[in-house]
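Colleague: Predicted model and sequence below, questions to follow.
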Amino acid sequence: MRTLEGRRRSHPPRRFAAGANAAVRRVRASVLLSLVMVVAGCGTVDTVDYYWQGAAGQFEIITRARPIDEVIEASADPALKARLARVQEIRTFASRDLALPDNASYTRYADLGRPFVVWNVFAAPALSLDARQWCFPIAGCVSYRGYFDESQARAEAARLASKGDDVWVAGIPAYSTLGYFDDPVLSTFVRWPEVEVARMVFHELAHQVVYVKDDSQFNESFAATVEDVGVRRWLATQDDPRLAGQYERAERLRGVFRDLLHETRCELTAVYASEASEATQRARKATILAVMREAYERARAGEPGLAGYERWFAGIDGAGPNNASIVSVGLYTADVPAFKALLAAAGGDLPRFYGLVKDLAARPKAEREAALLAAAGSRPATHDAVAGPAILAGSPCLTRRRRGGHRRLRPGR
């Protein structure tokens, strides 16, 4: 591995070897389980190939992962050594102060030699913000289809586009295996600004606390709430103006993006719900998206940091944003105000908050949604650092909670 230059152990510690062998057995078991499920469901060859690439991709991550202490000792890269040491501190804080799982996740490091760990394909009809969904044995139904190989992701996107869908391919720096495996720190995000690395670790660990099948919006909004509260509490222990500045700037940039996205979603929702002809809806859609892109260019002229969002606004082959790219990020934090209200009801006590969320997760989806809507209505409408622009009860954009994709858009990603 490129980061393990210089002196290396000729043999790993016995405890690591045992853990690695156990991990390999789990991966092999997951491969067999996936294939059994496909065969039982009369899966096509394409489906078998898809599950196989997923199992092979996870196997690669596990086999590349090494204990962080070992990497620090062996690496000749001082920046990587320093950052991994900081990650260890962040990981300790996550369990000690945020009551997140105290396990082996994020205690190992894997250099993947590529910019993203997976590429997710999002799709939506040309005149709808309801994302296409795919269903899997463990994760349930989600609004994306992930590939460990970018070319395969783009081929799937092209196939869906040929059928008339809007499509978007998003590079993803990390994902959670929900505790089935010990997720490592990855080269795809380890060199991000320190605050962003902390966000990532807190967010992905939160998925190990609560995860509900077939409810991406619930899962991602919960994790985003834990992420934001966790970063704020972590920053309070650091007494570091540099880190505080990182956080404030990142929130300012996210706020600009969310404002643009929120307004565009509202306008598109109204168009797609109208009685206008298909041709008229397509024309209005094109105008709304063009206006959003122009507004972004004006904002970027005054804030160079917004250049990190250029890839999203450029779209595939320069075609600009579309329904699929909007649903890939648009609902990521829609329920954050509700979860923050639950946290306030728990007196800010995270273990108690987790208990409330677990109880909520056990309810039928309709009851869950009603409870979240009631909780959000009990919280004053303000501009939220995570949720974005002020959201009022009865907003035409939020009277019906739409289900959608989720992966976060990071500046520069």
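Modeller: Now that the structure is in, tell me what you want to look at.
Colleague: what about the helices in the stretch 251-400 of the chain?
Modeller: Using DSSP state H, counting those that start in this stretch, the helices of the stretch 251-400 of the chain run over 278-302, 310-314, 323-330, 336-345, 350-361, 365-377.
Colleague: Of all these, which one is nearest Thr47?
Modeller: Nearest to Thr47, of all the helices of the stretch 251-400 of the chain, is helix 323-330, at 21.7 Å by C-beta to C-beta. Placement of C-beta: from N, CA and C, glycine included.
Colleague: circling back: please identify the deepest-packed of the helices of the stretch 251-400 of the chain.
Modeller: Greatest average neighbour count among the helices of the stretch 251-400 of the chain goes to helix 323-330 (a mean of 27), per mean count of other C-beta atoms under 10 Å.
Colleague: Can you dump the C-alpha atoms of it in CSV for me?
Modeller: The C-alpha trace of helix 323-330 is given here as CSV (Å, rounded to 0.1, in the frame of the first residue of the first chain):
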residue,chain,number,x,y,z
ASN,A,323,-34.4,15.7,-10.7
ALA,A,324,-32.0,12.8,-9.9
SER,A,325,-29.2,15.1,-8.6
ILE,A,326,-31.7,17.0,-6.6
VAL,A,327,-33.1,13.9,-4.9
SER,A,328,-29.6,12.7,-4.2
VAL,A,329,-29.2,15.5,-1.6
GLY,A,330,-32.5,17.3,-1.3
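Colleague: Quick one: name whatever helix or strand follows the strand or helix carrying Glu70.
Modeller: Per DSSP states H and E, Glu70 falls inside helix 68-74. Next in sequence after helix 68-74, counting helices and strands by DSSP H and E, comes helix 78-98.
Colleague: pLDDT on that next one, on average?
Modeller: Mean pLDDT, helix 78-98: 98.
Colleague: Likewise for stretch 164-172?
Modeller: pLDDT averaged over stretch 164-172 gives 97.
Colleague: how far out from the middle of the chain is that stretch?
Modeller: Per C-alpha atoms, centre = their mean, to the nearest Å, the displacement of stretch 164-172 from the mean C-alpha position of its chain is 15 Å.
Colleague: Would you mind pulling the contact partners of that stretch?
Modeller: Contact partners of stretch 164-172, identified using C-beta atoms under 8 Å, 6 or more residues apart in numbering, comprise 115-126, 132, 144, 146, 150, 153-154, 157-158, 160-161, 315-316, 322-325, 328, 407, 409, 413.
Colleague: Buried residues, it. List them.
Modeller: 165-172 (16 or more other C-beta atoms under 10 Å).
Colleague: got the helices of the stretch 251-400 of the chain as JSON lines, with distance to Ser105 columns?
Modeller: Listed next are the helices of the stretch 251-400 of the chain as JSON lines, based on distance: least, C-beta to C-beta, whole Å:
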{"stretch": "helix 278-302", "distance to Ser105": "36"}
{"stretch": "helix 310-314", "distance to Ser105": "29"}
{"stretch": "helix 323-330", "distance to Ser105": "25"}
{"stretch": "helix 336-345", "distance to Ser105": "22"}
{"stretch": "helix 350-361", "distance to Ser105": "16"}
{"stretch": "helix 365-377", "distance to Ser105": "26"}
